[in-house]
Each structure stands twice: as structure tokens, then as C-alpha cells.
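>>> sequence and predicted structure below; questions after.
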Amino acid sequence: MARPTLKSVKEKLLLGFVLVALIMVGLIWADGLSDRPDPTPAYYRGHFQVDEDAALTLTAEMIEYQLNLTTTPLAAPSQRPTPTPGAP
Amino acid sequence: MTRQQKQKWERWLLLVTFLLVVAAWGYGYLTAATNVLPLVPDVLPGAVQIESRGQLYIGRDSAGELVGYAAVGQAPGYAGPIEMLVGVAPSGEILAAVVVAQRESPGFFRLVTRNDLVNRYAGRSIQAPLQLGDDLDAVSGATVSAEGVAAATRKAVREIAAEGLALTLPAEKKTLQFGIPEFTLLLLFASGYVGHKLRSREWKRRLRWGTLLTGMVILGFIYTAPLTITMIISLLSGYWPDLYSNLYWYLLIGGIIFVTTVDAKNPYCTWFCPFGAFQECLAAISGAKAYRPSSLNEPLKWVQRGLSLTAILFGLALRRPGVAGYEPFDTLFDLQGTAVKWALLLLIVFTSLLIYRPFCNYLCPVDPVVDFIAATRRWLKETWSKWRVQPSKA
């Protein structure tokens, strides 16, 4: 079997460098495209509808300039578990 | 392939490249508009009715009471215009400001966002200077982008003052900024010109090292102002920055195009490109030599040209010059960049210790642009010569 010459190894390394660099360039472009501008902190809305009877169970998530809140209604007092004496 | 066939083939490619650039430009022109209306309630809190009057948006609440006025201001940033939508109360107090559109490199604009510059307008009077370095803190590392935000906000405020509040604000003073980077650039162009004419190889070598180190230190590490593909895409897109505050941009781009077109020489890459100089310093330390194997030379040249063309088409079609740039210049000179940019920089640094200027020879998007200008120049010159000969024969 023919042993690889120094020349062919160097050529392969050069090709490897270009290939890896091209992949990185692709990743840089993808990163730039996916980089949505951070929601600018100056804006606020004065007309949120807040349900006073709802308890927030998830952290508010900023999507496309809109608050998306997932809420779960509070359990009625009769349905709440009764604390067991002696339980931690 | 004979020389003539090769030349013919290259000219076809020049033509195709030109048409592709025109098509990308047209696509970007037709699709780059931003719909501002949905953002107006964000700068006029409480407004439920929005009425448009010329360049002005007028917001009213549910009772029909005037909430305020909003307008868009546009000013050049680093890679293209920055558009700001600003809302102002009838009392002249700025209610809020939002960025409507920007074409900056993500890394630069993140600095502006993190700096909270946009948020600092709320509560200020429209009669305040609203100037960076005056009543607003400058943003280190993204000066041009931050200045673009501030200037666009001032323009929007002026529009509202004039059209909505019937107020005349004092005119802004503009002074041409000519400082160390502009002076250095002119000096480097002049040195390059002299260097090309020098006959003594030793003096030429010394002068070249002088210009390279000056370029690397002053234009690179101190001012982070190397030529980038973003600048070229901005030029093609028509996103030309403000002459008064960005004379450097005009000198750099204009100087390179002028010298390449008139003298058919590349005055930048070999003489004072800061990133090229950095790679050359690494090669001088390690003793790395140029490596262009004959079997790969031609294919890799076309890969580099393809990469450059892709960046240009991408930047033009999306009208986002800042996103198309991939050079890790800001990562090296300003220590700003994403993880991938750092990885690319490290790869180039490592390879520069083994091969002479690997980025310039295989990846740089600027070199193919200079090649394109030079090839077009040759073609035009040849066509002109033929055209001049033919009438005289007739």
C-alpha cells in the first residue's frame, strides 16, 4: 500500500482547514439570521388583561413582542388539600 | 483550455456575477420594507386608535383623548440605516422608543441593546440634546451603531416637534470628523503608492512592514476599522453612512476603488490590511511560508470567490449587510464575537503559524471583489481599445 507523501498530507490539511472554516462561516451566518433583536426595553403596554383569580405557574416568556402567559386557575378552597397534622 | 477560452469563460462568469448582484439588489429593494403601524401602540401606551397623517402617527385612547404622536426617524449606522420609532406625549415628553429596523452586525447591536440606550429616552423632553456624550452615555465598542440610534431618535423627535407639536427645535450642528484614523489612512495610501514605485527591494520591504504594523495597531487594535465585506454590501445597497461622522468610510472605500480602477493595483491587502498584518506577524514569528499547491490553487480560488459572492448576494437580498459579514476582525481587535467567531479566529491563528496568510489566501471576501474590479477594468479597457481602433479602420 502506497504511503501518503508529505505533499498529500499537507494538501489534505489545507482542504480540511478550508472545509472547517466554511462550516464555521455557515454557522456565523445562521447565528446572524436567527439573532432576533432583543425586545427593546423601552416598550410597554398599558392594556394587559389580568385574571385576578389565576395563579402564574410558568415564567413569562417573551415571544415576538408579546407576553405569552400560561396560567392555571386557583383551586377552590373546598378542593385544596387539608394539611395533615405532624406533616413537614 | 487555451488562454482565450479561459478569458471568454471568465468574462461570462463576470457577466453572470453582475446579473446575480443586480437580481439580489432588486429582491432586497422590493422586500426590505418594514410595517411600522403594529409597533405604534408600543410607543404610545394606552392608545387604541391610531391615525396616520403624513409621516406622523396620532394615538388616541378609548375616550378619543390624544395620547401622543409617533414618528419614524432614520439615520445611518455601521452597516445600514437604523430606524427608530419614537412616541411623544402632547406635553413634549418622550414616552418610549423602539428600534424598527437595523442592519448592524449582531455583535455590535447586542452592545447597544445591553447598554439599554433605547430605554433611556423615556421621560426626557424633546428639547433635550439627546446626544451621545452629552446627556446620553456613549456605547463603548459600538460607537457608530449607537450614534445611529441616537441620530434616528433625534430625527423622529424633530419630525414630531415640527408636524405634531408645531415646535421648531434649533438646528443640529454638524462638523466633519477628521482625526487620527482618517489621517493615518491617507498616510497609508500615500505610503502604498510610494512603495509601489520604489525600486529598492529592501526599502520596499521596510516601508511595507511599517505600513502593515501601523495599519494593524492604529486601524486594527485602536480603532477597529478594517475594510469588511459589510462595508462593500452597504455601499452596493446604497446604505452610505453620514459623511460628517464617517469620513473614514468614504476615504477607505473610495480610496480602494479609485486606486484599483485607475492604477489596477490593490492598495490595501498587501500594504496595510490590519488582519493581514496580524497573520503576517504570526508567519514572521513561526517562519511560515506561502502554500498554494498547484493542484488545489484554482479550485480553492473559486471557493473563495463563491464565498465572497454568497456573502454579497445574501447581504443584498436580505438588506442586512451586517449579518453577511463573517470576518473575525471585531473578535480579534475588539474582543467581541460569538463562540463560532472565536473558534474561527483560533483556527486562523493556528493555521497562520503554519501557512502564510491563510485567511487572505483562502477565505477573505475582499480579495475576490478587488479581482472583480480589476477584471472588469481589463475587459472595459480592451473593449474601449477595440472600439477606438475600429472607427479609425473604417
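Structure received.
>>> give me the distance from the host helix or strand of B:Gly148 to the chain's centre.
B:Gly148 is located in helix B:143-163, with elements delineated by DSSP states H and E. Relative to its chain's centre, helix B:143-163 lies at 20 Å (C-alpha atoms, centre = their mean, to the nearest Å).
>>> by contact count, what packs against that helix?
strand B:56-60, strand B:66-76, strand B:81-88, strand B:94-101, helix B:106-114 (3 or more C-beta pairs under 8 Å, 6 or more residues apart in numbering or on different chains; DSSP states H and E). Bear in mind the C-beta positions are built from the backbone N, C-alpha and C, glycine included.
>>> and it, which residues are buried?
Buried residues in helix B:143-163, counting neighbours by 16 or more other C-beta atoms under 10 Å in any protein chain shown, are found at B:143-161, B:163.
>>> over to stretch B:350-368?
Buried-residue list, stretch B:350-368, by 16+ other C-beta under 10 Å: B:351-352, B:354-368.
>>> in CSV, could you pull the C-alpha coordinates for that stretch?
Once non-C-alpha atoms are left out, stretch B:350-368 reads as follows in CSV (Å, rounded to 0.1, in the frame of the first residue of the first chain):
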residue,chain,number,x,y,z
PHE,B,350,-3.2,28.4,14.4
THR,B,351,-3.1,28.0,10.7
SER,B,352,-1.2,31.3,10.3
LEU,B,353,1.6,29.7,12.3
LEU,B,354,1.9,27.0,9.6
ILE,B,355,0.9,28.8,6.3
TYR,B,356,1.4,32.4,5.2
ARG,B,357,-1.8,34.4,5.4
PRO,B,358,-4.4,31.6,5.2
PHE,B,359,-7.4,33.8,5.7
CYS,B,360,-6.3,36.3,3.0
ASN,B,361,-5.4,33.5,0.5
TYR,B,362,-8.4,31.2,1.0
LEU,B,363,-11.3,32.9,2.8
CYS,B,364,-11.2,36.7,2.6
PRO,B,365,-14.2,38.1,0.8
VAL,B,366,-12.5,41.4,-0.1
ASP,B,367,-9.8,39.9,-2.4
PRO,B,368,-12.3,38.5,-5.0
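>>> any idea of the mean pLDDT in that stretch?
Mean pLDDT, stretch B:350-368: 95.
>>> now do stretch B:260-277
88.
>>> mind listing what's buried in that stretch?
Within stretch B:260-277, the residues scored as buried using 16+ other C-beta under 10 Å are B:260, B:266-277.
>>> repeat for stretch B:216-236
Of the residues in stretch B:216-236, B:216, B:218-220, B:223-236 count as buried by neighbour count, 16+ other C-beta under 10 Å.
>>> is the helix or strand B:Phe372 falls within anywhere near chain A?
Taking DSSP H and E as the criterion, the element that holds B:Phe372 is helix B:366-393. No: Helix B:366-393 is not in contact with chain A by C-beta under 8 Å from any C-beta of the partner chain; minimum separation 14.1 Å.
>>> so how far is that helix from its chain's centroid?
28 Å.
>>> okay if I get the buried residues of stretch B:260-277 as JSON lines plus distance to A:Val18 and secondary structure?
Below are those laid out as JSON lines (distance: C-beta to C-beta, whole Å; DSSP: H, G, I helix; E, B strand; the rest coil):
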{"residue": "B:Thr260", "distance to A:Val18": "26", "secondary structure": "helix"}
{"residue": "B:Asn266", "distance to A:Val18": "22", "secondary structure": "coil"}
{"residue": "B:Pro267", "distance to A:Val18": "27", "secondary structure": "coil"}
{"residue": "B:Tyr268", "distance to A:Val18": "23", "secondary structure": "coil"}
{"residue": "B:Cys269", "distance to A:Val18": "19", "secondary structure": "coil"}
{"residue": "B:Thr270", "distance to A:Val18": "21", "secondary structure": "coil"}
{"residue": "B:Trp271", "distance to A:Val18": "25", "secondary structure": "coil"}
{"residue": "B:Phe272", "distance to A:Val18": "26", "secondary structure": "coil"}
{"residue": "B:Cys273", "distance to A:Val18": "20", "secondary structure": "coil"}
{"residue": "B:Pro274", "distance to A:Val18": "22", "secondary structure": "helix"}
{"residue": "B:Phe275", "distance to A:Val18": "17", "secondary structure": "helix"}
{"residue": "B:Gly276", "distance to A:Val18": "18", "secondary structure": "helix"}
{"residue": "B:Ala277", "distance to A:Val18": "22", "secondary structure": "helix"}
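>>> which among those gets closest to A:Ile28?
Nearest to A:Ile28 among the buried residues of stretch B:260-277 is B:Phe275, at 15.4 Å by C-beta to C-beta.
>>> elements contacting the strand or helix carrying B:Thr214?
Here B:Thr214 sits within helix B:201-214, counting by DSSP H and E. Helix B:201-214 sits against helix B:180-197, helix B:274-286, with contacts defined as 3+ C-beta pairs under 8 Å, 6+ apart.
>>> name the next helix or strand downstream of that helix, please.
Using DSSP H and E, the helix or strand that follows helix B:201-214 towards the C-terminus is helix B:229-237.
>>> what is the orientation angle of that next one with strand B:81-88?
Here the directions of helix B:229-237 and strand B:81-88 differ by 80 degrees (axes from the mean of the first three to the mean of the last three C-alpha atoms, to 10 degrees).
>>> packing partners of helix B:229-237?
Using 3+ C-beta pairs under 8 Å, 6+ apart: helix B:229-237 touches helix B:3-31, helix B:247-263, helix B:294-318, helix B:321-324, helix B:366-393.
>>> now do the end-to-end distance for stretch B:157-175.
Start-to-end span of stretch B:157-175 (C-alpha to C-alpha, to the nearest Å) is 21 Å.
>>> swap in stretch B:113-124?
Across stretch B:113-124, first to last residue, C-alpha to C-alpha, it's 19 Å.
>>> flag every buried residue along that stretch.
Buried residues in stretch B:113-124, counted by 16+ other C-beta under 10 Å: B:Thr113, B:Asn115, B:Leu117, B:Val118, B:Arg120, B:Tyr121, B:Ala122, B:Arg124.
>>> stretch B:205-216 too?
Of the residues in stretch B:205-216, those buried by neighbour count under the rule 16+ other C-beta under 10 Å are B:Leu207, B:Arg208, B:Thr211, B:Leu212, B:Leu213, B:Thr214, B:Gly215, B:Met216.
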